[in-house]
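[1] pasted the sequence and its predicted model underneath.
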Amino acid sequence: MAFSLASDRPVSAAAPRSLFSGALNWLAQINTERARKTSLTALLELDQSRLNDLGINRDDVLEALRNPRSSGRILSARRTLNAWTSTAAV
């Protein structure tokens, strides 16, 4: 049986096959979280004009830091919103 959506899979399909692969997955998640936090912190070091060029502001980055799992969606939505508001003002 083929599953079309990730939510259609049984829970056992998501479980690691061994303790070693589970540990590797855990380490990969930690590294991903660390890289995300480092990237967002680097964005905070940029001046406001550079952030404006990216279509975001410092508050958007702080919001993304507060919600690390959805940081990409937050910043993308803010860029879209800022693009619409800046073109509407012209």
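    Now that the structure is in, tell me what you want to look at. Model, not experiment: these values are computed from the prediction. Numbering: from 1, shown residues only.
[2] now for Ile74, how many residues are close by?
    Neighbour count for Ile74, taken as other Cβ atoms under 10 Å: 19. Every C-beta, even on glycine, is put in place using the N, C-alpha and C of the backbone.
[3] is it true that it touches Asn67?
    Yes - the pair Ile74 / Asn67 is scored as a contact, 6.2 Å apart, by Cβ atoms under 8 Å.
[4] and Ala42, backbone torsions?
    Per-residue torsions, Ala42: phi -60, psi -30 (degrees, to the nearest 10).
[5] how close does it sit to Arg17?
    Here the criterion is Cβ to Cβ, to the nearest Å. By it, Ala42 lies 36 Å from Arg17.
[6] assign a three-state SS to Ala64, would you?
    Recorded secondary structure, Ala64: helix (DSSP: H, G, I helix; E, B strand; the rest coil).
[7] so who does it touch?
    Neighbour list for Ala64: 40, 70-72, 74-75 [criterion: Cβ atoms under 8 Å, 6 or more residues apart in numbering].
[8] hmm, which two among those residues are most spread apart?
    Greatest spacing in the contacts of Ala64, by Cβ to Cβ: Leu40 and Ser70 (12.1 Å).
[9] so those two - more neighbours on which side?
    Per other Cβ under 10 Å, whichever of Leu40 and Ser70 has more neighbours is Leu40, with 16 against 13.
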